[in-house]
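Chemist: sequence? don't have it. structure:
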């Protein structure tokens, strides 16, 4: 069964939601039958690729809140992250456009490394204070998770990955996604936001039970005889 997750690596609730979802999935008995598909989403495509303000300054301007209100909001977010087992350093966050990071994720998807890409980019942005619009930084992260550096270096100027990112964003708009994280279960149920693990587990359980009825597991009674296998063994 497919679970699709729309996310932006600059969204603090997306990392928290990822961790809570993972805790739920770990408790699910049939997790080997779950396919997780990461989808791109940009909360603010207007952010420049060169940082010119802190996260606090950005939120004061973007949300029209006072500095004290933003400080309180960031403190609450950090406390929520701690409950999920994440130690945010939001004062170190480098506010840059996430476009290149989404190109990185789209390429990682072609190598079955999307989850690893999401995890490392979240870690880089929220914990390590890395610049996720810097190509050298992204190449280093890519190497860390097993991506080919030469292949990855061409991704950031390849229109193909811009199109894949935009396709995800347009798809999100089509199904009514207004904010992230947004989790879609078998295109029947959705969970919006960084819900607690139990909420995810309940939705996984319900959607999988319905999916299994339509996709019953095939169990054959096999009478063994002499045969050859794909590894070249014949007996």
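Modeler: Received it, and whenever you're ready, just let me know what you need. The shown structure was predicted, so the numbers you read here are calculated from the model rather than taken from an experiment.
Chemist: ok, the residue lying closest to residue 127 once chain neighbours are set aside - how many residues close by?
Modeler: For residue 127, ignoring the flanking residues on the chain, the nearest one in space by C-beta to C-beta, 6 or more residues apart in numbering is residue 89 at 5.9 Å. C-beta: built from backbone N, CA, C; applies to glycine. Here the number of neighbours of residue 89 (other C-beta atoms under 10 Å) works out to 12.
Chemist: pretty sure residue 89 contacts residue 129?
Modeler: Yes. Contact criterion C-beta atoms under 8 Å: residue 89 and residue 129 qualify, at 5.9 Å.
Chemist: the helices in this structure, which residues?
Modeler: 12-27, 55-63, 67-83, 99-110, 114-122, 135-145, 149-153, 159-175, 197-214 (DSSP state H).
Chemist: Out of those, which one sits most buried?
Modeler: helix 99-110 (a mean of 23; mean count of other C-beta atoms under 10 Å).
Chemist: Over to the residue nearest to residue 127: give its phi and psi.
Modeler: The phi and psi values for residue 89, taken as degrees, to the nearest 10, are phi -120, psi 70.
Chemist: How about residue 148?
Modeler: phi -80, psi 120.
Chemist: Just give the closest residue to it, not the sequence neighbours.
Modeler: Of all residues not flanking residue 148 in the chain, residue 142 sits nearest, at 7.9 Å (C-beta to C-beta, 6+ apart).
Chemist: what residues are up against the one you found?
Modeler: 104, 108, 117, 148-149, 152 (C-beta atoms under 8 Å, 6 or more residues apart in numbering).
Chemist: In those residues, find the pair that's most separated.
Modeler: Across these, the longest distance by C-beta to C-beta is 14.3 Å; it joins 117 and 149.
Chemist: contact partners of stretch 153-173?
Modeler: Residues contacting stretch 153-173 (C-beta under 8 Å, 6+ apart): 6, 39-42, 99-100, 102-104, 106-107, 135, 138-139, 182.
Chemist: What is the burial count for residue 148?
Modeler: Using other C-beta under 10 Å, residue 148 is surrounded by 11 other residues.
Chemist: same question but for residue 28, I mixed them up
Modeler: 15.
Chemist: from memory it sits against residue 202, does it?
Modeler: No. If you go by C-beta under 8 Å, residue 28 and residue 202 don't touch, sitting 10.5 Å apart.
Chemist: re the thing from before, with pLDDT and distance to residue 57 as extra columns, can I get the contacts of residue 142 in CSV?
Modeler: CSV is the format used below for the contacts of residue 142 (pLDDT from 0 to 100; distance: C-beta to C-beta, whole Å):
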residue, pLDDT, distance to residue 57
104, 98, 26
108, 98, 31
117, 98, 28
148, 97, 37
149, 96, 34
152, 97, 31
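Chemist: can I get those in CSV with distance to residue 71?
Modeler: Formatted as CSV, the contacts of residue 142 follow (distance: C-beta to C-beta, whole Å):
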residue, distance to residue 71
104, 31
108, 34
117, 31
148, 42
149, 39
152, 37
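Chemist: between the residues you listed, which is closest to residue 77?
Modeler: Within the contacts of residue 142, the smallest distance to residue 77 is 22.7 Å, found for residue 117 (C-beta to C-beta).
Chemist: State the distance from the closest one to residue 105.
Modeler: In this view, residue 117 and residue 105 are 5 Å apart by C-beta to C-beta, to the nearest Å.
Chemist: Done for today, thanks.
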